[in-house]
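Participant: okay, predicted coordinates and the sequence, questions at the end:
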Amino acid sequence: MTTQTTPAGINIHTGTAAPLNQANVDTDQIIPKQFLTAVTRSGYGKHLFHDWRYLDLHEQELNPEFSLNKPEHQGTSILLVRENFGCGSSREHAPWALDDYGFKVLIATSFADIFYGNCINNQLLPVQLKSEQMDILFSLVKQDPTTSITVNLEQQTVVVGDHSFSFEIAEQHKTNLLKGLDAIGQTLELDAQISAFENSRPAWQQV
């Protein structure tokens, strides 16, 4: 796994992928509600996909049939999923859990809107490809789990073997990922303009 970053954000990421060949995976499956107790962004990775990863409530016994538990998919940094990934509640803990587990890029047919925005705000790159392109990625990873996938945000491409797929991303989202900005960071970028506006107001308004 390699990630080429800009001074603060993400640009090019190369890694292997874990396939989760399911549609409509909601945020309660990504990180169940009983684990939303911490006040920091770390520590959620061990609970990621809890109901699918474990055979017991205390997370002592792994489910050997679940894709993320298979030996060939250990250490992956890219998650392949299907349409409407991240639907359900708006909990920001979902991208926190995915990031804490080790995923840097999510590639899907589509994402739920709020989840997509939460990924952008947390420097987790969500890439949308066509269904037939996802079919190719799933097939290649099934044939060879060590298949390397390179995602280039600047060029908006996903490259694997002889295949190169283009993806769309809104310019503001792309900029925020490249610069490593969340909503607060975007505001701080305007600090000079905000200060200039404040200083230009009449003295009686500057209270």
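Facilitator: On my side now, so go ahead.

Participant: tell me which helix or strand in the chain has the weakest average pLDDT.
Facilitator: Taking mean pLDDT, DSSP states H and E as the measure, helix 183-188 is the helix or strand of the chain with the lowest mean score, a mean of 51.

Participant: max-length strand in the protein?
Facilitator: Ranked by number of residues, the top strand in the chain under DSSP state E is strand 10-15.

Participant: which helices and strands does that one pack with?
Facilitator: Counting by 3 or more CB pairs under 8 Å, 6 or more residues apart in numbering; DSSP states H and E, the packing neighbours recorded for strand 10-15 are strand 2-5, strand 149-152, helix 171-179. Every C-beta, even on glycine, is put in place using the N, C-alpha and C of the backbone.

Participant: just give me the neighbour total for the residue lying closest to residue 101 once chain neighbours are set aside.
Facilitator: In space, residue 101 comes closest to residue 45 once its chain neighbours are excluded; the distance is 3.7 Å by CB to CB, 6 or more residues apart in numbering. By other CB atoms under 10 Å, the residues close to residue 45 number 15.

Participant: residue 45 contacts residue 100, correct?
Facilitator: Yes. The criterion here is CB atoms under 8 Å, and residue 45 meets it with residue 100 at 3.4 Å.

Participant: quick revisit: give me the sheet partners of the helix or strand that the longest strand of the chain is followed by and which way each runs.
Facilitator: The element immediately downstream of strand 10-15 (helix or strand, assigned by DSSP states H and E) is strand 17-19. According to DSSP bridges, the neighbouring strands of strand 17-19, each with its direction, are strand 78-80 (parallel).

Participant: need the residue closest to the centroid of the protein.
Facilitator: With distances taken as CA atoms, centre = their mean, the residue of the chain nearest its centroid is residue 124 (3.4 Å).

Participant: report the rounded mean pLDDT for the lengthiest helix in the chain.
Facilitator: With secondary structure taken from DSSP state H, the chain has its longest helix at helix 131-143. On average, the pLDDT along helix 131-143 is 98.

Participant: so what does that helix touch, helix or strand wise?
Facilitator: Packed on helix 131-143, when contacts are counted by 3+ CB pairs under 8 Å, 6+ apart, are strand 17-19, strand 78-80, strand 105-108, strand 157-160, strand 163-166.

Participant: residue 66 is nearest to which of these?
Facilitator: strand 17-19 (10.0 Å; CB to CB).

Participant: moving C-terminal of the closest one, what's the next helix or strand?
Facilitator: Proceeding C-terminally, strand 17-19 gives way to helix 27-30 as the next helix or strand, assigned by DSSP H and E.
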